[in-house]
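In: Have a look at this fold, sequence not included:
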């Protein structure tokens, strides 16, 4: 059995100074900027980084030599690994808690990122985390991993393939499922054609299954096709990212190659679920195909569908009604056959703006439900406060830094699948962890478990004013009441002893739990209810995504 040759992180990063890309990540729109304007900024920065710093000079490129890649350690290694034969982790996905393990600069960790993450697994296990989202596993033109080229080369800026295997195995041994960040909207080419367009792919790592030595036929012609000479079908694609060749997912050969690679990640590396990067870039019907061929609908798969919110309110502010954005997420889930959840960017936007502007009325829609996608299809919503794009060093749409605990008080008491961010829990390379924030998150996680709050738990919003939001959430075993906003006097809404006890409180928030716990506290938390507000949120009742 051949294993990937390991190298130290220092060796992989030698000579990589100045190769760090800056600016927006693929397909992500700042909260109040026009889509086209944002992408013009992305291309101005990312294309220069990708083509000048990490691609060969086209004037001297002969088509026979390999571009220099500063962190490649697996040039011709076989993809076989020594992963232990552990069975997939079995989780009740209605009580899942996801953890994003990396930020935008985690590839620069002082030690190998995979090894560092492995040392922190006991903390995640103690906190009750069920799923850990890892960075993109393949070699990439950009060190963050979002411009992949050699998909089977699993030695990256984050560590070697063997270190990845060891980390995933350690997660599985701790009862935690590893979620791979899958970047299949686009793939960077290895060679230019006769007209100088990057559209010729090599397949340098030996592997089973179909070859990934593709050409222009694998590239969607729409948008990026003019730049890269793509011959593929345009109608297979949604939003186009022009910084790299966008793949034609309607092509059976492309899908066959991607499925084989996903099966390798699942069977040989140990990943159990997928996070689909820039999932608005291709039809969600292909997500259904990829999931059915690999992890199945019983895994916590999630799509990054960064929808544009409605900013037509007075003075260009966020509109009160975000049903158009909610409907887009609903339609994506329907197209995927409810094989995947989505990140709830509507809740992210509404909650961020409510806190920024002290407009907590935004958190209740016209029908009395939570105003994000979680108010329509809670079991298909992965809620979050920030991620590597909105926060981290990119700061494209950051949650107010002095109210992070308030953000977690909302997502950890409400339905949906909450996703924690490592930089909020462990700190960043530039600064240490906020111990008070971590303690608050841990206290909220424990209360969520004690009360049996599920992804589909029911919510009663009793106040939603400028300066006050109050809601009570029913769990399987008890209830949680959360108060947000600067108003101190809650009046008759204040939870009273001995029926309630305080869980935690902080800057403009407080959370209480009911003192009377039962085996099933009267909430209709099954997966057989109705997904309110949308005719398209339905599905089978035997998975997380069920008929919510």
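Out: Now that the structure is in, tell me what you want to look at. Note that this is a predicted model, so its numbers are computed, not measured.

In: Now do the host helix or strand of residue 482: everything it contacts.
Out: For residue 482, the host element (DSSP states H and E) is strand 479-484. Contact with strand 479-484 is made by 354-355, 360, 363, 406, 409-410, 413-414, 447-448, 451, 453, 468-473, 490, 493, 495, 500, 503, 508-514, 521, as judged by Cβ atoms under 8 Å, 6 or more residues apart in numbering. Placement of C-beta: from N, CA and C, glycine included.

In: Among these, which lie within strands?
Out: Using DSSP state E, the members of these that fall within strands are 469-473, 500, 503, 509-514.

In: Out of those, which is nearest to residue 255?
Out: Nearest to residue 255 among the ones in strands among the contacts of strand 479-484, counting by Cβ to Cβ, is residue 473 at 40.7 Å.

In: Narrow the contacts of strand 479-484 to just the buried residues.
Out: When these are checked for burial by 16 or more other Cβ atoms under 10 Å, the buried set is 354-355, 360, 363, 406, 409-410, 413-414, 447-448, 451, 453, 468-473, 490, 495, 500, 503, 508-514, 521.

In: one step back: would you mind giving the ones in strands among the contacts of strand 479-484 as a markdown table with distance to residue 262 added?
Out: Listed next are these as a markdown table, based on distance: Cβ to Cβ, whole Å:
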| residue | distance to residue 262 |
| --- | --- |
| 469 | 41 |
| 470 | 44 |
| 471 | 39 |
| 472 | 41 |
| 473 | 36 |
| 500 | 47 |
| 503 | 40 |
| 509 | 40 |
| 510 | 44 |
| 511 | 39 |
| 512 | 44 |
| 513 | 41 |
| 514 | 43 |
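
In: farthest pair in those?
Out: Using Cβ to Cβ, the two most remote members of those are 469 and 514, lying 19.0 Å apart.

In: Nearest residue to residue 447 in space, please, no chain neighbours.
Out: Sequence neighbours aside, residue 503 is the residue nearest to residue 447 in space, at 4.5 Å (criterion: Cβ to Cβ, 6 or more residues apart in numbering).

In: what residues are up against that neighbour?
Out: 443-444, 447, 480, 511-513.

In: now residue 422
Out: 99-103, 106.

In: The same query, at a cut-off of 6 Å, please.
Out: 100-101 (Cβ atoms under 6 Å, 6 or more residues apart in numbering).

In: Over to it: give its phi and psi.
Out: Phi and psi for residue 422, reported as degrees, to the nearest 10, are phi -60, psi -40.

In: From residue 445, how far off is it?
Out: 15 Å (Cβ to Cβ, to the nearest Å).

In: thought residue 145 was touching residue 135?
Out: Yes: counting by Cβ atoms under 6 Å, residue 145 touches residue 135, with 5.1 Å between them.

In: Which one of those two is surrounded by more residues?
Out: residue 135 (29 against 23; other Cβ atoms under 10 Å).

In: Quick check: residue 188 touching residue 150?
Out: No: judged on Cβ under 6 Å, residue 188 makes no contact with residue 150 at a distance of 9.2 Å.

In: State the distance from residue 511 to residue 412.
Out: For residue 511, the distance to residue 412 - Cβ to Cβ - is 8 Å.
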